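Peer 1: From the sequence below, what's the structure:
(one chain, ligands or ions: 1)
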Amino acid sequence: MSDSVFPPAFLWGSATSAYQIEGAVREGGRTPSIWDTFSHTPGKTAGGETGDIAVDHFHRYREDVALMADLGLNAYRFSVSWSRVQPTGRGPAVQVGLDFYRRLVDELLAKGIRPAVTLYHWDLPQELEDAGGWPERDTALRFAEYASVVGEALGDRVEHWITLNEPWCSAFLGYGSGVHAPGRTDPVASLRAAHHLNLAHGLAATALRAVMPARNEIAISLNSSVVRPLSQDPADLAAARRIDDLANGVFHGPLLHGSYPSSLIDATSPITDWSYVRDADLRIIKAAPLDALGLNYYTPALVSAAPDRVAGPRADGHGASEHSPWPGADDVLFHQTPGERTEMGWSIDPTGLYDLLMRYTREAPGLPLYVTENGAAYDDKPDAEGRVHDPERIAYLHGHLAEVRRALTDGADVRGYYLWSLLDNFEWAYGYGKRFGAVYVDYATLERTPKSSARWYARAARTGVLPPVTAEV
Ligand code: PNW
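Peer 2: Purely as a prediction, here's the structure:
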């Protein structure tokens, strides 16, 4: 296969998440999730922005699916809002909530677009948070119940399933640094949350298998960090290993190898004894092997040892907080990585995506891989004719897809790529100021306009070949 040609079965998708696009937060009996509560709490999001309306996808899903079809995309990754389906986080499903997702799936299938469902993209029903949230074991049991409700409703028509999106963010930004909902800042709670998210994945995978056809593929999406040491100095190498354990090992230990890394347990022993991990939990997680792994990649991390460092605002790209999302690693310093940056301030380094894909090819041989998110925020504006030109995004996508292609050549079993995001949307604590969409959204009218990057990506999807960055689109 030539160097720019992708396999014929490759999935060319885009991705979104429920709270970031749906709006309609009070319709059909939906109750608040932790993101409704958080975004309505003064000072938590830029400009106090919320997902109340977002891009109104709940009412405009037909138009949005038609847009994807026009672009020739053959896959779409979206998430289900738990509190639309089970408003209290438990008990029988609300049919009108499930019906929305049934209609969406029907619409996608009618246009030849493969749906990939993410069950949890950060929007825990508030009632479950009030009962303790992810630091509590019961939340994992509730998640498995919710998974079987959705699995039963959609399992006959949806083949691609993702239990959790970026559990690192849920645990460490949600309960550690507090820049994400529910905004708690307790290092022990963040580690407990990480474990119960792993357990939730294991229980949910087993529950899904029981209600779905065996051909369906169950995966998880991790924002696995590419952690690079500032130098080859042993102290910097050790700092990089510690962050790697806290970013990656804490999840792929249990998910891929059946246990937490002993180096992680040792390094965190001053703050937690891990007594909330029961032996049976690790067996449950192991008994539900992954069919595929989703990787979300944006930018690498560059770290060094900083023994004398005092706690304070961080330069690690995870938002401004006095509290660290890295429990027990206050003596590790994060550096700005070199290179051009996107509007998020994240440096652009496509080789990180190659490194990530090859790492999992070595660590989990034979496991199919998907890039379940990759993309960039830029300050896009329509020109006088109403067209949106975003050559920076085209360059970003081209650079990263070329690295996917290189990983394929070198033996990585990459099955698809989902551009983050289909539409400009609610970028969490940053509000609507950061535009990740291939399709521009005018927030005054909610009108959608494909950017030039959308047309470039459409051409790649249609032909299975990367067009040059300078292609006329
Ligand atoms: C991911 N970090 O978020 C999410 O899955 C998306 O919902 C989000 O819109 C997208 O990437 C762009 O940000 C992340 O601090 C948020 O490491 C924060 C981090 C990583 C991913």
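Peer 1: Assign P254 to helix, strand or coil.
Peer 2: helix (DSSP: H, G, I helix; E, B strand; the rest coil).
Peer 1: so what's it up against?
Peer 2: N198, G202, Y260, D281, L282, I285, K286 (CB atoms under 8 Å, 6 or more residues apart in numbering). (C-beta placed from N, C-alpha, C; glycine too.)
Peer 1: Tell me where the protein has strands.
Peer 2: With strands called from DSSP state E, the chain shows them at 11-15, 75-79, 114-120, 160-165, 217-222, 227-229, 292-296, 301-305, 332-335, 369-374, 414-420, 439-441, 448-450.
Peer 1: which helices and strands sit right next to the fourth one?
Peer 2: In terms of contact count using 3 or more CB pairs under 8 Å, 6 or more residues apart in numbering; DSSP states H and E, strand 160-165 is assigned the packing partners strand 75-79, strand 114-120, helix 187-211, strand 217-222, strand 292-296.
Peer 1: do it and the ligand meet?
Peer 2: Yes: using CB under 6 Å from any ligand atom, strand 160-165 comes into contact with the ligand via N165.
Peer 1: Contacts for that strand next, please.
Peer 2: 17, 75, 77, 79, 114-122, 147, 151, 170, 197, 200-201, 204-205, 208, 212, 216-221, 292, 294, 296, 372.
Peer 1: Kindly report the same for stretch 37-53.
Peer 2: So stretch 37-53 is in contact with 19-20, 22-23, 25, 35-36, 126, 129, 180-183, 426, 428-433, going by CB under 8 Å, 6+ apart.
Peer 1: ok, and of these, which contact the ligand?
Peer 2: Applying CB under 6 Å from any ligand atom to these, one finds that Q20 fall near the ligand.
Peer 1: Would you write a ChimeraX line that selects the buried entries of the contacts of stretch 37-53?
Peer 2: Command for ChimeraX that selects the buried part of the contacts of stretch 37-53, burial taken from 16 or more other CB atoms under 10 Å:
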select :19,20,22,23,25,35,36,126,129,180,181,182,183,426,428,429,430,431,432
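Peer 1: Could I get the full set of helices for the stretch 1-150 of the chain?
Peer 2: 18-21, 34-39, 57-71, 82-85, 95-110, 126-130, 137-154 (DSSP state H, counting those that start in this stretch).
Peer 1: Reformat those helices as CSV; add mean pLDDT and distance to D273.
Peer 2: Putting these into CSV (pLDDT from 0 to 100; distance: least, CB to CB, whole Å) gives the following:
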stretch, mean pLDDT, distance to D273
helix 18-21, 99, 34
helix 34-39, 98, 27
helix 57-71, 98, 44
helix 82-85, 98, 31
helix 95-110, 98, 40
helix 126-130, 98, 25
helix 137-154, 98, 16
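Peer 1: And the residue of the stretch 1-150 of the chain closest to the ligand?
Peer 2: S17 (5.0 Å; CB to the nearest ligand atom).
Peer 1: For the nearest residue to Y120 once chain neighbours are set aside, the count of nearby residues, please.
Peer 2: The shortest distance from Y120 to any non-neighbouring residue, by CB to CB, 6 or more residues apart in numbering, is to L164 (5.0 Å). If you count neighbours by other CB atoms under 10 Å, L164 ends up with 26.
Peer 1: repeat for the one 5 residues further on
Peer 2: The number of residues packed around C169, counting by other CB under 10 Å, is 19.
Peer 1: Quick check, it in contact with V179.
Peer 2: No: with contacts counted by CB atoms under 8 Å, C169 stays clear of V179, the gap being 9.3 Å.
Peer 1: pLDDT value on A315, please?
Peer 2: As predicted, A315 sits at a pLDDT of 51.
Peer 1: Mean pLDDT added to the strands of the chain, as CSV?
Peer 2: Compiled in CSV, those are given as follows (pLDDT from 0 to 100):
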stretch, mean pLDDT
strand 11-15, 98
strand 75-79, 99
strand 114-120, 99
strand 160-165, 98
strand 217-222, 98
strand 227-229, 97
strand 292-296, 98
strand 301-305, 97
strand 332-335, 95
strand 369-374, 98
strand 414-420, 98
strand 439-441, 98
strand 448-450, 98
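Peer 1: and the chain, which residues reach the ligand?
Peer 2: 17, 20, 165-166, 169, 223, 296, 317-318, 373, 420, 427, 436.
Peer 1: on that earlier part again, any idea which of the contacts of P254 has the most stuff around it?
Peer 2: N198 (27 neighbours).
Peer 1: Please report how far that one lies from A288.
Peer 2: 11 Å (CB to CB, to the nearest Å).
Peer 1: same check, this time on Y120
Peer 2: Distance from Y120 to A288, by CB to CB: 16 Å.
Peer 1: neighbour-wise, which of the two wins?
Peer 2: Y120 (28 against 19).
Peer 1: Return the residues in contact with that one.
Peer 2: Y120 neighbours (CB under 8 Å, 6+ apart): S79, W82, F143, T163, L164, N165, S170, A200.
Peer 1: In this structure R30 contacts P87, no?
Peer 2: Yes: with contact defined as CB under 8 Å, R30 and P87 form a contacting pair (6.3 Å).
Peer 1: out of those two, which sits in the more crowded spot?
Peer 2: A side-by-side neighbour count of R30 and P87, using other CB under 10 Å, places R30 first with 24 against 21.
Peer 1: separation between the nearest residue to that one once chain neighbours are set aside and L422?
Peer 2: Leaving out its chain neighbours, the residue that sits closest to R30 by CB to CB, 6+ apart is R84, at 4.4 Å. As judged by CB to CB, R84 and L422 stand 19 Å apart.
Peer 1: Over to T163?
Peer 2: Taking CB to CB, one finds T163 at 21 Å from L422.
Peer 1: ok, now F58?
Peer 2: For F58, the distance to L422 - CB to CB - is 15 Å.
Peer 1: residues contacting the spatially closest residue to A458 that is not a sequence neighbour?
Peer 2: Leaving aside its chain neighbours, A458 sits nearest to L71 (4.0 Å; criterion: CB to CB, 6+ apart). Counting by CB under 8 Å, 6+ apart, L71 touches A438, P450, A454, R455, Y457, A458, A461.
Peer 1: try 7 Å this time
Peer 2: P450, A454, A458, A461 (CB atoms under 7 Å, 6 or more residues apart in numbering).
Peer 1: and what of S231?
Peer 2: So S231 contacts S304 (CB under 7 Å, 6+ apart).
Peer 1: And P8, by the same measure?
Peer 2: G464.
Peer 1: per-residue confidence at it?
Peer 2: 97.
Peer 1: From A412, how far off is it?
Peer 2: 17 Å.
Peer 1: Equivalent analysis for P213, please.
Peer 2: Distance from P213 to A412, by CB to CB: 27 Å.
Peer 1: Repeat that for P327.
Peer 2: For P327, the distance to A412 - CB to CB - is 31 Å.
Peer 1: between the two, which one's more packed in?
Peer 2: Remark: of P327 and A412, P327 carries more neighbours, 25 against 20, as counted by other CB under 10 Å.
Peer 1: any idea what sits nearest that one, other than its immediate chain neighbours?
Peer 2: Computed as CB to CB, 6+ apart, the closest residue to P327 that is not its neighbour in sequence is P187, at 3.7 Å.
Peer 1: if I pick the one you found, what's in contact with it?
Peer 2: Neighbour list for P187: G176, I271, P327 [criterion: CB under 7 Å, 6+ apart].
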